[in-house]
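Participant: can't give you the sequence, but here's the structure:
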């Protein structure tokens, strides 16, 4: 629900309550007012789907309020968002400090989306590749052992050496 839908919903409720509670308003006038509001809502929604210009007037666009821990003060002033509201959105998403956040975005429906910073772990690539190669060799040999002949010296040598090497690294 965008801001326009919210306003029309409030107007519909207000008109309905005025018709029901105020004796000076005729029932026909109240029904006409309700149908007029519903028709205008449909007309504006229909035209905003088909026209980019009307869509830009009716709907807002998402705004980035915080990026990589740095607040965008000019955007925050334009959107009337305070620093405390950003911190509250961060706490709601389990983040204690704003520098731990990649971005906070004000969505078109008024909600704040928090994108947490990714934490990368440093991995010794050489060590990992070495273990991967050893493990893949072990798997190759394991599948070769499906054809292993117990009396053959070649089969025992091919199977035993990489297996011992793999078990030694664990």
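Facilitator: Yes, it's here. On a predicted model such as this, the values are computed, not experimentally measured, just so you know.
Participant: report pLDDT for residue 19.
Facilitator: The model reports residue 19 with a pLDDT of 86.
Participant: count of neighbours near residue 11?
Facilitator: 15 (other CB atoms under 10 Å). Every C-beta, even on glycine, is put in place using the N, C-alpha and C of the backbone.
Participant: isn't it right up against residue 37?
Facilitator: Yes - Residue 11 is within contact range of residue 37, at 5.7 Å (criterion: CB atoms under 8 Å).
Participant: what about residue 51, how many residues nearby?
Facilitator: 12.
Participant: angles on the backbone of it, please.
Facilitator: Torsion angles at residue 51 (phi, psi; degrees, to the nearest 10) stand at phi -130, psi 130.
Participant: what's the answer for residue 67, then?
Facilitator: phi -140, psi 120.
Participant: and the closest residue to it other than its chain neighbours, how far from residue 79?
Facilitator: With CB to CB, 6 or more residues apart in numbering as the criterion, residue 67 has its nearest non-adjacent residue at 5.2 Å, and that residue is residue 103. According to CB to CB, to the nearest Å, residue 103 and residue 79 sit 14 Å apart.
Participant: check residue 30 too.
Facilitator: From residue 30 to residue 79 the distance is 37 Å (CB to CB).
Participant: what residues go with each domain of the protein?
Facilitator: 3-58, 63-116, 125-169 (automatic domain parsing).
Participant: need the winner for burial among those domains.
Facilitator: Highest mean neighbour count of the domains of the chain: domain 63-116, a mean of 14 (counted as mean count of other CB atoms under 10 Å).
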